[in-house]
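# next one to model:
(one chain, ligands or ions: 1)
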Amino acid sequence: MALDPSCGRIALIANPAAQNGRGAWAAVEAASLLRARVGDEGFQLLLTERPRHATALAASLDPSVGTVVALGGDGLISEVAAGLMERPVDERPALGVIPVGSGNDYAASLGVPASIGRAIDCVLAGRTAVVDVGRVNGRYFVETLSFGLDAAIALDTVERRVRTGRTGTRLYLESAVDQLFRHLSIYDFTARLTGGDAAAMRTVSTAAYLLAVQIGPTYGGHFRICPGAELDDGLLDLCYATPHLGPWKALAVLLAAKGGRHTGNRHIHLDRASRLVLDFAEEPPGQIDGEKIEGTHFEIDCIPRSLTVIVGK
Ligand SMILES: Nc1ncnc2c1ncn2[C@@H]1O[C@H](COP(=O)(O)OP(=O)(O)OP(=O)(O)O)[C@@H](O)[C@H]1O
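Below you'll find the predicted structure:
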């Protein structure tokens, strides 16, 4: 499907704080490239001022806006998507992305390149797809929700990036080694699953190092935790890792997940559901599109084909 330029103006919502402040100059560059291509009339720049501001901005855009471009990391993209989801479906602009983050998993799932210029080419080429959005306890996510080891890693990367300035796979692996060798824990949970591979409601009660609930295939900087996940299949893809794995074996499984080659391991379990109710015995570390989520009880569902997104080639 091609985006018709007559479908509305472009709003660029940019996080100047993304990637340790690189978002500020990335916003200037993207704005100047967009202005050159569509003119002042066709475009507006909105800079976020604080966490969650992007959600409020996206929810309250003028109806003349047909495409919202999120410039930042996965957290910012998720916040913009959440704002769009607050609008009625027939007043929901398309979402484009300019990835300026540490992981950029959602852009990868959409096939949008990391270069600002080429991401803008994608926006203006206007190839769209209609994708699923996940929801947990009323919060939306577009790529990943997870608990346990990997969430502890994701949250550790936020603090470590500020401290060391590192990004990408190196940042993720440093956090992973720290969590695996110093903080490896097991989390007891019960999951009630509806839909997916079996029609009947089913219950899984087990202990796991981690549990990921994915809309897209990757997290943590292109780790293919659920390699079979598709953005538009109407399903949540689950992956959980059960005991007993020592730190070295767990590290080997994690590294295999970089290429999606962990799935044959007997400690790794995959499932699919359209709805999932999760109860943990104790509060685990949790992340939703890279941001913290807290609690022990999570009601999760997939809202099928609810968001139009701009994709790469
Ligand atoms: N103006 C702002 N000042 C400070 N923080 C902001 C601002 N705008 C948004 N944020 C917050 O910054 C956090 C990180 O944003 P973002 O995802 O864009 O970048 P990142 O963390 O560098 O990338 P990644 O999510 O890939 O790790 C989010 O929690 C977001 O709410």
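# does S64 touch R9 like I think?
Yes: if you go by C-beta atoms under 8 Å, S64 and R9 touch, sitting 5.2 Å apart. Every C-beta, even on glycine, is put in place using the N, C-alpha and C of the backbone.
# mind listing what's buried in the host helix or strand of A152?
For A152, the enclosing helix or strand under DSSP states H and E is helix 149-164. Neighbour counts over helix 149-164 (16 or more other C-beta atoms under 10 Å) mark 149-158, 160-161 as buried.
# please apply the same query to stretch 47-56.
By neighbour count on 16+ other C-beta under 10 Å, the buried set for stretch 47-56 is 47-48, 53-55.
# what's the answer for stretch 11-24, then?
11-19, 22-23.
# how long is it end to end?
Stretch 11-24 has an end-to-end distance of 16 Å (criterion: C-alpha to C-alpha, to the nearest Å).
# ditto for stretch 108-116
One end of stretch 108-116 sits 14 Å from the other (C-alpha to C-alpha).
# shaky segments in this protein?
1-7, 199 (pLDDT under 70).
# residue in it nearest to the ligand?
Nearest to the ligand in the chain, going by C-beta to the nearest ligand atom, is G73, at a distance of 1.9 Å.
# name the nearest residue to that residue, ignoring sequence neighbours.
Counting by C-beta to C-beta, 6 or more residues apart in numbering, G73 lies nearest to G101, which is 2.2 Å off, once chain neighbours are set aside.
# got a list of what that neighbour touches?
Contacts for G101 (C-beta atoms under 8 Å, 6 or more residues apart in numbering) come out as 18-19, 72-77, 290.
# sorry, back to before: hmm, who's touching the helix holding A152?
Here helix 149-164 has contacts from 20, 102, 146, 166-167, 171-172, 174-176, 178-180, 183-185, 209-210, 212, 219-220, 223, 225, 241, 250, 284-287, 290, 292, using C-beta under 8 Å, 6+ apart.
# pull the next helix or strand after that helix out as CSV, backbone CA atoms only.
Remark: after helix 149-164, the chain's next helix or strand is helix 168-182, criterion DSSP H and E. C-alpha atoms of helix 168-182 as CSV (Å, rounded to 0.1, in the frame of the first residue of the first chain):
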residue,chain,number,x,y,z
GLY,A,168,24.3,-1.6,20.6
THR,A,169,25.3,-5.2,21.0
ARG,A,170,28.4,-4.4,23.1
LEU,A,171,26.3,-2.6,25.6
TYR,A,172,23.8,-5.4,25.7
LEU,A,173,26.4,-8.1,26.1
GLU,A,174,28.2,-6.3,29.0
SER,A,175,24.9,-6.0,30.9
ALA,A,176,24.1,-9.6,30.0
VAL,A,177,27.4,-10.9,31.5
ASP,A,178,26.9,-8.9,34.6
GLN,A,179,23.3,-10.2,35.2
LEU,A,180,24.2,-13.8,34.3
PHE,A,181,27.2,-14.1,36.6
ARG,A,182,26.1,-12.0,39.5
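# list the contacts of helix 168-182.
Counting by C-beta under 8 Å, 6+ apart, 102-103, 149, 152-154, 156-157, 160-161, 164, 166, 220-223, 247, 250-251, 254, 258 sit against helix 168-182.
# one more pass at 7 Å, please.
For helix 168-182, the external contacting residues (C-beta atoms under 7 Å, 6 or more residues apart in numbering) are 102, 149, 152-153, 156-157, 160-161, 166, 220-221, 247, 250-251, 254.
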